[in-house]
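**Q** Based on what follows, work out the 3D shape:
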Amino acid sequence: MAGEVSSLDMYLEKAVWENLMGNTPDDPEPSYLVHNFWEQGKPGSANDTLSYRGYAYPHVYNTFFGMYQIEKKYPSLVAYTHPATWCLNVAFNVFERLYSESISYNWSTGLMGEQTTPALIAALQAERMTRQADEVLSKMATKYKNFASTKYPYGSEYSFDNTGEEAVYMLAELNLGSDRANALRMMRDIVAKTRATRGQMPVWYLYADPTTILGESWWQSQYSAALAGYAMDDYSNRTSALQMGADAVSSSQRSVLERLNYGAKLMNLANVNSGQISDVAANIGASAWTYQAEKGALGTLGVGGGPGVQFLNGWRGMTGESDLGLWGAVQTMSTDLVTDDPIFGTAAYGGSESSDQYSYTVLPSDGVQQRLNLVTQQLSVQLGSDRYTQAIIGKNSADLRLVSGTAHTGVLQVSGMAQGSYAVVVDGTSQGTVDNHTPAGAIASPLQVSYAVPAGSSFILHLVSLPPDANARRR
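**A** Numbering: from 1, shown residues only. Just a heads-up that it's a prediction; the model follows:
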């Protein structure tokens, strides 16, 4: 992992900061404009065309923000070029520049990658960059108003596109506290829309894939499958619990939605070549932009196609924007357990499960092993820097077996826990308690659980509900 992080660190410094944005290593007044990635036959700042396309900006600020997150989680992993707060500051400034007068596709357009905005705000607040956090909130409040009354706010620069779903859902999420009814309506509408426009036939290149009006000669397995799929994932596992009355969502309805939700998570992983696209050794591990179901002698069609682009077993021989889909998949990849699917009953997506009368045992195989969603119960667990190899979920407790290594501290977030207090126990040793109490009518925040990790190959984190009388004695 250290080698990969060092490569990313160098990429940000040389390829992005210096060459794409045209800055020097220690520029006292750096530019946060993003040049066109390739124009006039020249890359980045070697061409004189600053990008007016707002679509380019989240790619850049999210990469700097990702570097900030890596440094915070693994401060001693490598010798970083810049401190974590420098990366966060650059991420903010690129974000801010996106909403300047010279940039288009910003205030009234949903962009790819905007789902990180709540995390960006939280990071700025945690680093006491209050002015910057307030600036992001202010801009998002304006953008929310631009979309809140729009009849069809889901498109892009094409009327039939779907990239707006991700960003508009995020805006509604940010405004649940201040404009709950309207925000929930927007979320509900976005989920209904994304379900309606995704293929539901048992064909690999159509299932869970956002389809267009252009048929099988265009964009199958496009990057928005996973990116916009974030809306279904959040709604199924968290936000749908807030819907009431005629709009209430039952657990079996969530289980049906989960089929499409998990298909969306997996869709873009098929874009990575393991031989199904090209068996040329140099192409193994590369990714293709899109799949074109209409093969024959037509060649590659549409954006990312043309006579100069190879047509490889239905795939366009160009990486293009496929990295956005892979990034989107990583944001939500998880192991999900459903126990009341109307057809399949109990099913584990991205893992395996077993059960007895007391608990469910889940073994993850999703490749990330940091997120667990119990869809039927709407209970979600997300780890910070650790990963788990087994979870045992009972009526009043949760056990996670995690990979350890060196001694360190960790944090996990739990959503959907019942009100009350919980003991935190690591390898049989109590590490205190956490309280999960939300005032009536308020929207519950994820429960933050901090723990200390002993050195070793693995450890067991036990979270168990305390009886009411114990809670009373503690208070």
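**Q** W38 pairs with what?
**A** For W38, the beta-bridge partners under DSSP bridges are P43.
**Q** neighbours around it, how many?
**A** W38: 12 surrounding residues under other Cβ atoms under 10 Å. C-beta: built from backbone N, CA, C; applies to glycine.
**Q** ditto for the one 10 residues further on
**A** Burial of D48, expressed as a neighbour count using other Cβ under 10 Å, amounts to 11.
**Q** in the chain, which spans are helices?
**A** Under the criterion DSSP state H, helices of the chain are mapped to 2-10, 56-73, 84-98, 117-126, 130-148, 164-174, 180-196, 224-227, 229-237, 251-267, 322-332, 468-474.
**Q** so which of the ones you listed comes closest to Q370?
**A** helix 322-332 (9.9 Å; Cβ to Cβ).
**Q** Which strands and helices lie in contact with that closest one?
**A** Here helix 322-332 touches helix 224-227, helix 229-237, helix 251-267, going by 3 or more Cβ pairs under 8 Å, 6 or more residues apart in numbering; DSSP states H and E.
**Q** what separates it from the chain centre, distance-wise?
**A** 7 Å (Cα atoms, centre = their mean, to the nearest Å).
**Q** pretty sure E294 is in contact with L214, am I right?
**A** No - counting by Cβ atoms under 8 Å, E294 stays clear of L214, with 10.1 Å between them.
**Q** quick revisit: kindly compare burial across the helices of the chain and name the winner.
**A** helix 224-227 (a mean of 28; mean count of other Cβ atoms under 10 Å).
**Q** hmm, who's touching it?
**A** 112-113, 115, 161-163, 165-166, 198, 208-210, 264-265, 267-268, 324-329, 331-332 (Cβ atoms under 8 Å, 6 or more residues apart in numbering).
**Q** Lowest mean pLDDT across the helices of the chain, which one is that?
**A** For the helices of the chain, the weakest mean pLDDT is recorded on helix 468-474, namely a mean of 56.
**Q** can you list the domains in the chain?
**A** Using the TED database, the domain parsing of the chain gives 1-149, 349-465.
**Q** Please convert the ones you listed to CSV, extending it with distance to T290.
**A** Converted to CSV, the domains of the chain look like this (distance: least, Cβ to Cβ, whole Å):
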stretch, distance to T290
domain 1-149, 14
domain 349-465, 22
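**Q** Go through these and name the closest to D340.
**A** Across these, the minimum distance to D340, taken as Cβ to Cβ, is reached by domain 349-465, at 5.1 Å.
**Q** Run the chain-centre distance for that closest one.
**A** 20 Å.
**Q** Now do that domain: distance from first to last residue.
**A** 27 Å (Cα to Cα, to the nearest Å).
**Q** Give the rounded mean pLDDT of it.
**A** For domain 349-465, mean pLDDT is 90.
**Q** returning to what we had before: reformat the helices and strands packed on helix 322-332 as CSV; add distance to Y451.
**A** Below are these laid out as CSV (distance: least, Cβ to Cβ, whole Å):
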stretch, distance to Y451
helix 224-227, 30
helix 229-237, 23
helix 251-267, 28
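**Q** can you tell me which of these comes nearest to P75?
**A** It is, among these and with distance given as Cβ to Cβ, helix 229-237, at 28.3 Å.
**Q** helices or strands next to that closest one in the packing?
**A** helix 164-174, helix 180-196, helix 251-267, helix 322-332, strand 371-374.
**Q** P28: which of those is closest?
**A** Closest among the helices and strands packed on helix 229-237, using Cβ to Cβ: helix 322-332, at 31.9 Å.
**Q** Put together CSV for the helices and strands packed on helix 229-237, with distance to G285 on each row.
**A** As requested, the helices and strands packed on helix 229-237 are arranged in CSV below (distance: least, Cβ to Cβ, whole Å):
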stretch, distance to G285
helix 164-174, 27
helix 180-196, 30
helix 251-267, 18
helix 322-332, 12
strand 371-374, 24
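**Q** Same list (the helices of the chain) but as JSON lines, adding distance to P28.
**A** Putting these into JSON lines (distance: least, Cβ to Cβ, whole Å) gives the following:
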{"stretch": "helix 2-10", "distance to P28": "22"}
{"stretch": "helix 56-73", "distance to P28": "19"}
{"stretch": "helix 84-98", "distance to P28": "13"}
{"stretch": "helix 117-126", "distance to P28": "22"}
{"stretch": "helix 130-148", "distance to P28": "19"}
{"stretch": "helix 164-174", "distance to P28": "33"}
{"stretch": "helix 180-196", "distance to P28": "42"}
{"stretch": "helix 224-227", "distance to P28": "36"}
{"stretch": "helix 229-237", "distance to P28": "38"}
{"stretch": "helix 251-267", "distance to P28": "44"}
{"stretch": "helix 322-332", "distance to P28": "32"}
{"stretch": "helix 468-474", "distance to P28": "54"}
